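Chemist: The following comprises the amino acid sequence and a computationally predicted model.
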Amino acid sequence: MSEASRQPKDKNYNLITALYQASDNVETLKSYVQDAQQEGDQELEQFFNMILENNLKAAQQAKEMLVPRLQQEQE
């Protein structure tokens, strides 16, 4: 059985997974930014910072979307 077929088909689960992945990416990208800084590669540093900001925005938006959805389910 594949990983995808074992996961529930639930939109909130998918949103939580996207939130987790974006947050996890943030931590990884922080180390990439540091590596680029240590190497003096400003182009890579800017690139990784751009992706980092996108993941921070995605994680924040996912949190903002998730809270009311979970509250609705409890009603």
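Modeler: Ah, there it is.

Chemist: Near Val26, how many other residues are there?
Modeler: When neighbours are counted by other Cβ atoms under 10 Å, Val26 registers 17. Yep, even glycine has a C-beta here, placed from its N, CA and C like the rest.

Chemist: any idea how far Met65 is from Leu15?
Modeler: 6 Å (Cβ to Cβ, to the nearest Å).

Chemist: Which one's more surrounded, these two?
Modeler: Legend: neighbour count by other Cβ under 10 Å for Met65 and Leu15, higher for Leu15 (17 against 14).

Chemist: who's in contact with that one?
Modeler: Taking Cβ atoms under 8 Å, 6 or more residues apart in numbering as the contact definition, Leu15 lies against Ala62, Met65, Leu66, Arg69.

Chemist: Can you say which of these are buried?
Modeler: Those of these that meet the buried threshold are Ala62, by 16 or more other Cβ atoms under 10 Å.

Chemist: Helices - which of the contacts of Leu15 land there?
Modeler: When DSSP state H is applied, the contacts of Leu15 are split such that Ala62, Met65, Leu66, Arg69 fall in helices.

Chemist: Closest one to Asp24 out of those, please.
Modeler: Ala62 (12.4 Å; Cβ to Cβ).

Chemist: thinking again about what came up before, let me have the contacts of Leu15 in a markdown table, adding pLDDT and distance to Ser23 as columns.
Modeler: Shown next, in a markdown table, are the contacts of Leu15 (pLDDT from 0 to 100; distance: Cβ to Cβ, whole Å):
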| residue | pLDDT | distance to Ser23 |
| --- | --- | --- |
| Ala62 | 96 | 9 |
| Met65 | 95 | 14 |
| Leu66 | 94 | 12 |
| Arg69 | 90 | 18 |
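
Chemist: among the contacts of Leu15, which two are most distant?
Modeler: Using Cβ to Cβ, the contacts of Leu15 reach their maximum pairwise distance at Ala62 and Arg69, which is 10.4 Å.

Chemist: returning to what we had before: same list, the contacts of Leu15, but as TSV with distance to Tyr20 please.
Modeler: As requested, the contacts of Leu15 are exported to TSV (distance: Cβ to Cβ, whole Å):
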residue	distance to Tyr20
Ala62	9
Met65	14
Leu66	11
Arg69	16
